[in-house]
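Colleague: Sequence and predicted structure below; questions after.
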Amino acid sequence: MAITPLMPVYPRSEVRPVRGEGAYLYGENGEKYLDFASGIAVNILGHGHPHVTKAIQDQAATLVHVSNLYGSPQGEAFAKRLTELTFADTVFFTNSGVEAVECAIKTARRYHHVHDQRHKHTLITFKQAFHGRTMATISATDQPKMIDGFSPLLPGFKVVEFDNLKAARAAMDENTAGFLVEPVQGEGGIRPASREFLQGLRDLCDEHDLMLIFDEVQCGVARSGQLYAYQHYGVTPDIMASAKGIGGGFPLGACLATEKAAAGMVIGTHGSTYGGNPLAMAAGQAVFDVVANDEFLAQVRATSDRLRAALEQMIPNHDHLFDSVRGLGLMLGVRLKSDSRAFVSYLRTRGILTVAAGDNVVRVLPPLNIEEHHIREFIDGLSAAAADYEVPEAA
Ligand code: PLP
């Protein structure tokens, strides 16, 4: 048999972690890596954070799972916390980011359905976006690498240029249900939207009774330096998808909505076997115990300022390779003048983990609680790697 037991859909690297501690991962043979990838923006408190670990251990010993057919004191408590900290009035818990986006899409469609506006079923989405890998979320993109071979895609999505309000407005017609947008594109190359763009979408939604959906799966949960990136922009969505950092590594997502937006989400319209089970809620609460306060968020912003300044100071020394730095909070991107994938692989061989993204970007997504010495180690490692790196000839 030629196929591997793990379905071979990932280009898995030579890094084979078996243990983590804070901002470090350790491989099978004891190799040490500085983890500035954080499981792609997931391990926001690093590996083995004592408070999160203890909360999961205690809850695992108490009650792991019950059906959503029963009352959920654990889910009610975490949902209440989320609603108190955000624009939302209600929350549906999921196990992943894509399920949170899927719930957001369904919530928007149901809103128009129950208001007898059934023709309003199409969401306007944006180029280079990434919303996950279900049929609905790949249908929300136009990237060949995600959609090739999966036709027929679902109808009900129209893709236009990101951060271009004119294009978004021009795409609207009587079937428009709303907009689905990442305030900071992640996979697309760490591209923060402009405030004018997001505010413009908000205004169009208010004017035409449409739903504004923010996908904060990657940029949410303190990564931007605010609890959610929309709070940085001062533009409030009707519906928002959250995941990744929310469980600190435990599979957890959430679809948050206003009472108005959730008008159609009544009994029987949606569900999940595992979503919001007591173990997941314990993980989420423990993460929020640490991150959902002004002191932690201020610390993220200060760390971001220092890391960004260090990157900006360093990149002109290697201007054969580096182009620019961009991003928000600790969701930073270093744009290269050549393909970022090859350099990200090279960094791995030097014990530094980052993530490649679109537009030749190296994503820098450290745990949010890193310290000064981690920044120094990263910058020194990046600089030394850049000095030794031979840029591959363009194909
Ligand atoms: N939305 C965004 C913005 C993401 O970055 C991702 C994952 O990278 C997803 C949705 C999908 O999340 P998941 O892989 O947890 O399903």
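Modeller: All right, it came through fine. Residues are numbered from 1 along each chain as shown.
Colleague: Mind listing what's buried along the least confident helix or strand in the chain by mean pLDDT?
Modeller: Lowest by mean pLDDT, DSSP states H and E among the helices and strands of the chain is helix 144-147, with a mean of 95. Neighbour counts using 16 or more other CB atoms under 10 Å place Met146 of helix 144-147 among the buried residues. Where C-beta positions appear, they are placed from N, C-alpha and C, glycine not excepted.
Colleague: Distance from the chain centre to that helix, please.
Modeller: How far helix 144-147 lies from its chain's middle: 19 Å, per CA atoms, centre = their mean, to the nearest Å.
Colleague: Could you confirm whether any residue of that helix contacts the ligand?
Modeller: No: judged by CB under 6 Å from any ligand atom, helix 144-147 stays clear of the ligand, getting no closer than 11.4 Å.
Colleague: list the helices and strands that helix packs on?
Modeller: Contacts defined by 3 or more CB pairs under 8 Å, 6 or more residues apart in numbering; DSSP states H and E place helix 144-147 against helix 135-139.
Colleague: Run through who's touching the helix it packs on.
Modeller: The contact list for helix 135-139, computed with CB atoms under 8 Å, 6 or more residues apart in numbering, reads 98, 101-102, 105, 131-132, 146-147, 150, 153-157.
Colleague: Output that helix as PDB, nothing but the C-alphas.
Modeller: Taking C-alpha atoms only, helix 135-139 is exported to PDB below (Å, rounded to 0.1, in the frame of the first residue of the first chain):
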ATOM      1  CA  MET A 135     -18.100  22.900   1.300                       C
ATOM      2  CA  ALA A 136     -19.700  26.100   2.400                       C
ATOM      3  CA  THR A 137     -16.500  27.800   3.400                       C
ATOM      4  CA  ILE A 138     -14.500  26.700   0.300                       C
ATOM      5  CA  SER A 139     -17.400  28.000  -1.800                       C
END
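Colleague: Quick check: buried residues in the helix of greatest length in the chain?
Modeller: What stands out as the longest helix in the chain, according to DSSP state H, is helix 294-314. Residues Phe296, Leu297, Gln299, Val300, Arg301, Thr303, Ser304, Leu307, Arg308, Ala310, Leu311, Met314 are the ones in helix 294-314 that count as buried (16+ other CB under 10 Å).
Colleague: And for it, what's in contact with it?
Modeller: 222-223, 225-227, 290-291, 322, 325, 327-330, 332, 334, 364, 366, 368-370, 372, 375-376, 378-379, 382-383.
Colleague: Just list the residues touching the residue of the chain found nearest the ligand, thanks.
Modeller: The ligand sits closest to Gly97 of the chain, with a gap of 2.3 Å, by CB to the nearest ligand atom. With contact set as CB under 8 Å, 6+ apart, Gly97 has these partners: Gly132, Asp215, Val217, Gln218, Ala241, Ala243, Lys244, Gly253.
Colleague: re the thing from before, the least confident helix or strand of the chain: what's the following helix or strand?
Modeller: Where DSSP states H and E defines the elements, the next helix or strand beyond helix 144-147 is strand 157-160.
Colleague: Now that next one: average pLDDT?
Modeller: For strand 157-160, the mean per-residue pLDDT is 98.
Colleague: Parallel or antiparallel, which strands does it pair with?
Modeller: strand 122-126 (parallel) (DSSP bridges).
Colleague: Just the buried residues of stretch 140-153, please?
Modeller: For stretch 140-153, by 16+ other CB under 10 Å, it's Ala140, Thr141, Asp142, Gln143, Met146.
Colleague: pLDDT below threshold where in this protein?
Modeller: Applying pLDDT under 70 to the chain picks out residues 394-395.
Colleague: what's the domain layout of it?
Modeller: Residue ranges for the domains of the chain, per automatic domain parsing: 17-49+294-388, 51-291.
Colleague: now the helices for the protein?
Modeller: Going by DSSP H, the chain shows helices at 38-41, 50-62, 73-85, 97-114, 135-139, 144-147, 165-170, 195-208, 229-233, 278-291, 294-314, 340-349, 372-388.
Colleague: one step back: tell me which of the contacts of Gly97 fall in strands.
Modeller: Those of the contacts of Gly97 mapping onto strands are Asp215, Ala241, Gly253, per DSSP state E.
Colleague: just these now: which is nearest Gly20?
Modeller: Gly253 (21.5 Å; CB to CB).
Colleague: how close does that closest one sit to Met331?
Modeller: 18 Å (CB to CB, to the nearest Å).
Colleague: The two - which one has more neighbours?
Modeller: Gly253 (29 against 25; other CB atoms under 10 Å).
Colleague: who touches that one in this structure?
Modeller: Counting by CB under 8 Å, 6+ apart, the residues that Gly253 touches are 93-100, 217, 241-243, 246-247.
Colleague: So what sits opposite it in the bridge?
Modeller: In this entry, Gly253 is beta-bridged to Thr94, by DSSP bridges.
Colleague: Would you check how far apart it and Thr141 are?
Modeller: 19 Å.
Colleague: surely Phe214 meets Ser242?
Modeller: No: in this structure, Phe214 is not within contact of Ser242 by CB atoms under 8 Å, at 9.2 Å.
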